[in-house]
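Undergrad: just a sequence and a predicted model for now, questions to come.
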Amino acid sequence: MRQKLYSEYYTSVGVKKIYFDAAHYTKGISSKCMNLHGHTFRVDVVVYGEIDSETGMVIDFSILKKIVREIIEEYDHTIIVPRKDLDHITIKGPFNVSIKTIDYPEATTEYIAMDIAKKIYEKLKLPVKVRLYEGSKNFAEVLYDGGQEDEGDTRST
């Protein structure tokens with residue numbers, strides 16, 4: 001059991017510049033986005049938690065990096081598609097085809113980031129922020145906490 005070192009603080013710990021290559025299609029504002037196309041994606045991850053009084057860390061960097069890399073491996077060199085489209089896709093040729101399905105309506109950078117954040121949260125049970133770059137300049141950022149409500153939250157729903 002973790003003992004709180006500084007109970008009024010949440011500390012963030014992150015890893016940056018983890019890359020993968022993948023293809024997708026999106027509805028976008030241009031019809032060319034509906035063409036199957038690829039990107040080099042960059043993932044930056046931040047997790048939030050309390051400092052463990054025994055280790056002095058929220059999480060060891062090497063553990064965080066290992067978990068993120070394992071998850072990213074699922075996406076690397078794949079075609080990312082929404083599960084709803086899977087039955088409508090046929091790709092043939094003298095090459096390997098690896099399809100990664102996501103349970104979101106579209107395979108946009110936003111939804112891919114959400115999928116990655118959820119998988120990291122499931123492993124660590126810590127709130128996580130994922131910044132997913134599509135190329136070098138454009139990114140989507142997601143903060144995921146597993147849908148946890150703050151016990152002290154007295155707002156009515």
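TA: Looks like it came in fine. Residues are numbered from 1 along each chain as shown.
Undergrad: contacts for the strand or helix carrying residue 39?
TA: Assigned by DSSP states H and E, residue 39 belongs to strand 37-49. Strand 37-49 is contacted by residues 10-25, 58-59, 64, 68, 72, 75, 109, 112, 116, 120, 124, 126-136 when judged by CB atoms under 8 Å, 6 or more residues apart in numbering. In this view, the C-beta of every residue, glycine as well, is placed from N, C-alpha and C.
Undergrad: that one pairs with which strands?
TA: strand 11-24 (antiparallel), strand 128-134 (antiparallel) (DSSP bridges).
Undergrad: is the residue nearest the centre of the chain in a helix, a strand, or coil?
TA: With distances taken as CA atoms, centre = their mean, the residue of the chain nearest its centroid is residue 116 (2.2 Å). Under DSSP: H, G, I helix; E, B strand; the rest coil, residue 116 falls in the helix class.
Undergrad: give me the contact list for stretch 67-85.
TA: Against stretch 67-85 from outside (CB under 8 Å, 6+ apart): 15, 18, 20-25, 36, 41, 43, 45, 89, 91, 97-107, 111-112, 116, 119-120, 123-124.
Undergrad: tilt between the one helix or strand residue 122 maps to and strand 11-24?
TA: Assigned by DSSP H and E, residue 122 belongs to helix 109-124. Angle of helix 109-124 versus strand 11-24, following axes from the mean of the first three to the mean of the last three CA atoms, to 10 degrees, is 130 degrees.
Undergrad: show me what counts as buried in helix 109-124.
TA: Under the neighbour-count criterion of 16 or more other CB atoms under 10 Å, helix 109-124 has 109-121, 124 buried.
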